[in-house]
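K.L.:
Got a predicted structure here, sequence first:
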Amino acid sequence: MNIIRRIVTTTVGIAMFVTMALPASAVFVITPIIPIFLNPVYVDDVNGNDADTGGKTDPVKTITQAIDIAKNGTSSSYQIYIAEGDYRSETFPLDLSSKNMSLYGGYYNGFDDRDIANHQTEIRGDASNSIEVTNINSTISGLKIYDQVGGAGSVITISTDD
């Protein structure tokens, strides 16, 4: 006996409707599709150079430069991928306010692997270092944030635009 089954897949805002006739005993597997972000900026404190464009094969050296690239870009949303390392040369505060910017740490140099336990991304500054987020569409994931001596003093400020 055939029945009609409807499968709905949504990826990057596009909905696809597929109608097919399948036997009632049919088994099928739906594999999730990983969305491809259209505006990535890559940071690598070992292999990067702040004069580069921030592409996967030509990353910038500092998170500060990646944020500047995003602020000056034409898109309204950017994902900043940060390779493992100890980021001490940042200009604070790291301000994610002007665009939908997200920070993702824990990548192996080369950005082919993400493991936040084994590829730790650390942002260190002085007692006044901070990350300011005033846009609720931002994500901060896979980062350790603390001052030079590992004590208190680092701050993440999150507020909404309303």
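P.N.:
Alright, I've got the coordinates.

K.L.:
Does anything pack onto the helix or strand where Y104 lies? Which helices or strands?
P.N.:
Per DSSP states H and E, Y104 falls inside strand 100-107. If you count contacts as 3 or more CB pairs under 8 Å, 6 or more residues apart in numbering; DSSP states H and E, strand 100-107 packs onto helix 63-72, strand 77-83, strand 121-125, strand 140-141, strand 143-147. The C-beta positions use only the backbone N, C-alpha and C, and glycine is treated the same way.

K.L.:
Show me the one of the ones you listed that comes nearest Y108.
P.N.:
Between Y108 and these, the tightest spacing by CB to CB is seen for strand 77-83, at 6.9 Å.

K.L.:
Adjacent strands (with direction) for the closest one?
P.N.:
strand 40-43 (parallel), strand 100-107 (parallel) (DSSP bridges).

K.L.:
Ok, which of the ones you listed comes nearest V60?
P.N.:
strand 40-43 (5.6 Å).

K.L.:
could you dump that closest one to PDB, C-alpha only?
P.N.:
What follows is strand 40-43 as a C-alpha-only set of coordinates in PDB (Å, rounded to 0.1, in the frame of the first residue of the first chain):
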ATOM      1  CA  PRO A  40      32.900  34.400   7.800                       C
ATOM      2  CA  VAL A  41      36.000  36.100   9.100                       C
ATOM      3  CA  TYR A  42      38.900  33.900  10.200                       C
ATOM      4  CA  VAL A  43      41.400  34.700  13.000                       C
END
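
K.L.:
Might you list the low-confidence residue ranges for this protein?
P.N.:
Within the chain, the ranges that satisfy pLDDT under 70 run 1-38, 125-130, 133-136, 147-162.
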